[in-house]
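Asker: here is the input, now give the coordinates:
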Amino acid sequence: MNEVFSGIWVYAPLVINGVKALIVLVVGWIIAGTVSRFVQRRVSATRHIDPMLGGFAASIVRWLILLIVLVAVLNLFGIQATSLVAMLGAATLAIGLALQGTLSDLASGFMLILFRPFRIGQYVDIGGTTGTVKELNLFFTELATPDNVQIIVPNGQVWGEIIRNFSHHDTRRCDLTFGIDYDDDADKAMAVILDLAAADPRVLDDPAPWARVTNLGDSSVDITARLWCQTADFWELKFAMTKAVKLAFDDAGISIPYPHTVEVRKST
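Answerer: Model (predicted):
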């Protein structure tokens, strides 16, 4: 019996430290989540700070708290911080080789935050992938497509690709091309387009609306209109003008031809 109690007494400190470590881990995890959410709310609520920094700062705070919790847990088992630093130093090379992609994403995340090629809520094209920016954290960027499909792009790929930001400038140019029949009056068609542009309040006066014959196609004379508008009005203007020009051409007797070819026979 004494041997049983002595055995229990030997392992008792280890069990107690294990319970303490579990409690520290749970409490630390809860604190890390609570503090990170608080930081994100506070940063995002500040008007002069980019909302994108909220999630990024929250991620940093969360990982720092979890690191402190890990050190505290190791101290419970007699592993001092100095020993931990030495162990981490010895394992740095192996970890770096194993996590090359992850470390690249982390470094790229810092670069994206530093130079800020895009912000939360902006519509971007990243290497052919388009969507609205929803989140940027330490390791990846989250996009949402127009049909609300989630796309996760590692930060390393984001930083290494060409980024087209459609929302960066306040204004955009809306280019529209219409084909008319060769027998129709091109000047009349251009006048119809410019009159519709002048009547639409979304079209800016400066730069002035522009319409020119830009191509002589196989079956149509192509007229291109260039209209400037606020970025937020781009798609609605594009759709509205496309419909309005079609209806106005019908009223003016200007036809939009189907693709066709004309066979010319030579007399013998």
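Asker: tell me where this protein is predicted with low confidence.
Answerer: Segments of the chain classed as low confidence (criterion: pLDDT under 70) are 1-15, 44, 46-54, 56, 77-101, 260-268.
Asker: what segments of it are helices?
Answerer: Ranges of helices in the chain, per DSSP state H, are 2-45, 52-76, 81-98, 100-115, 155-160, 186-199, 234-252.
Asker: and the ones you listed: which comes nearest D175?
Answerer: When the helices of the chain are ranked by proximity to D175, the top entry is helix 234-252, at 8.8 Å, counting by CB to CB. (Glycine included, C-beta is placed from N, CA and C.)
Asker: what is the closest one packed up against?
Answerer: In terms of contacts (3 or more CB pairs under 8 Å, 6 or more residues apart in numbering; DSSP states H and E), helix 234-252 is packed against strand 171-180, helix 186-199, strand 221-230.
Asker: so which of these is the most surrounded?
Answerer: When you average the neighbours per residue for each of the helices and strands packed on helix 234-252 (mean count of other CB atoms under 10 Å), strand 221-230 leads with a mean of 19.
Asker: alpha carbons of it, in CSV - could you do that?
Answerer: Once side chains and other backbone atoms are set aside, the C-alpha atoms of strand 221-230 remain, and they are given as CSV (Å, rounded to 0.1, in the frame of the first residue of the first chain):
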residue,chain,number,x,y,z
VAL,A,221,-19.1,50.0,-88.8
ASP,A,222,-17.9,50.0,-85.1
ILE,A,223,-18.5,53.2,-83.1
THR,A,224,-16.8,53.4,-79.7
ALA,A,225,-18.1,55.7,-76.9
ARG,A,226,-15.9,56.7,-74.0
LEU,A,227,-17.9,58.0,-71.0
TRP,A,228,-16.4,59.0,-67.6
CYS,A,229,-18.3,58.4,-64.4
GLN,A,230,-17.9,57.8,-60.7
